[in-house]
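J.: kindly generate the corresponding structure for this input.
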Amino acid sequence: MLLKKFFQNCACPKGWGGKIVVAMMNHGPHAALAAWGLKHITVKREASVLDVGCGGGANVRRLLALAENGHVTGVDVSEVSVAKSRSYNEEAIRRGQCDIIRGDVSALPFENGQFDVATAFETIYFWPGLDQCFAEIYRVLRPGGIFLVANESTGEDEMIKTFAKVIDGLQPYTVEEIRGAMDRAGFSGIRADVDKKYGVAVTGQKDEAAG
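T.: Numbering: from 1, shown residues only. Alright, predicted model coming up:
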């Protein structure tokens, strides 16, 4: 029971168990996945970036290093994650280069066409359906904007299937399912890379002519 509660905190970290989970997100395999995943996109120095499901804030900090003259916004549904990410990126927030906001990816609290890049690291498993969430990300991206999804799991490995039995609300997604959801949301130039060591990276672009 205690083990299940611990893993359940991966979905929406709460309480002391959630604080432990969020702290772990900033290290270990997540760090390697993020570094590898970011190689699949170009983040300009002046870019406005959105990290969805920002967790402990480590990826927000990585994105700040790339968009050094831009701005990075992190959003997460968990109050624990938001607090940790704000603490982890306190200096950038103080400089006005970063915001961390509590929000739901299926109804993002942002205006249309606000971001150049959107990222989602090891988080879509817990989203309330890909179609609505990907459509929201498409909406808040500027024409030509890039969306990156990076997962440790291919959606077909035994580990994710085991976790899906333990963690309520965890939904594994295959590469083709991610590609299909991006396509339905309107993204083009969709590319997928699968690496046995790191995981899966899928990218899509909002059409330059999109409104």
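
J.: which residue is nearest the centroid of this protein?
T.: Centroid-nearest residue in the chain: residue 120, 1.8 Å away (criterion: CA atoms, centre = their mean).

J.: which element is that residue on?
T.: Assigned by DSSP states H and E, residue 120 falls within strand 115-121.

J.: residue 135 now?
T.: Element membership of residue 135, judged by DSSP H and E, is helix 130-140.

J.: neighbouring contacts of that helix?
T.: Helix 130-140 is contacted from outside by 50, 52, 105-108, 110-115, 118, 120, 124, 127, 147, 173, 177-178, 181-182, 184-187, 206, using CB atoms under 8 Å, 6 or more residues apart in numbering. Where C-beta positions appear, they are placed from N, C-alpha and C, glycine not excepted.

J.: what pairs with the following helix or strand past that helix, and is each one parallel or antiparallel?
T.: Downstream of helix 130-140, the next assigned helix or strand under DSSP H and E is strand 141-151. Sheet pairing of strand 141-151 (DSSP bridges) gives strand 115-121 (parallel), strand 199-205 (antiparallel).

J.: how about the ones you listed in TSV, adding mean pLDDT?
T.: Listed next are the strands paired with strand 141-151 as TSV, based on pLDDT from 0 to 100:
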stretch	mean pLDDT
strand 115-121	98
strand 199-205	97
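
J.: out of those strands, deepest packed?
T.: strand 115-121 (a mean of 26; mean count of other CB atoms under 10 Å).

J.: convert it to CSV, retaining C-alpha atoms only.
T.: The C-alpha coordinates for strand 115-121 follow below in CSV (Å, rounded to 0.1, in the frame of the first residue of the first chain):
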residue,chain,number,x,y,z
PHE,A,115,5.4,30.6,-27.2
ASP,A,116,8.1,29.6,-29.7
VAL,A,117,8.8,26.3,-28.1
ALA,A,118,6.8,23.9,-25.9
THR,A,119,8.3,20.8,-24.2
ALA,A,120,6.9,17.9,-22.3
PHE,A,121,9.4,15.6,-20.5
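
J.: off-centre distance for that strand?
T.: Centre-to-centre, strand 115-121 and its host chain are 7 Å apart (CA atoms, centre = their mean, to the nearest Å).
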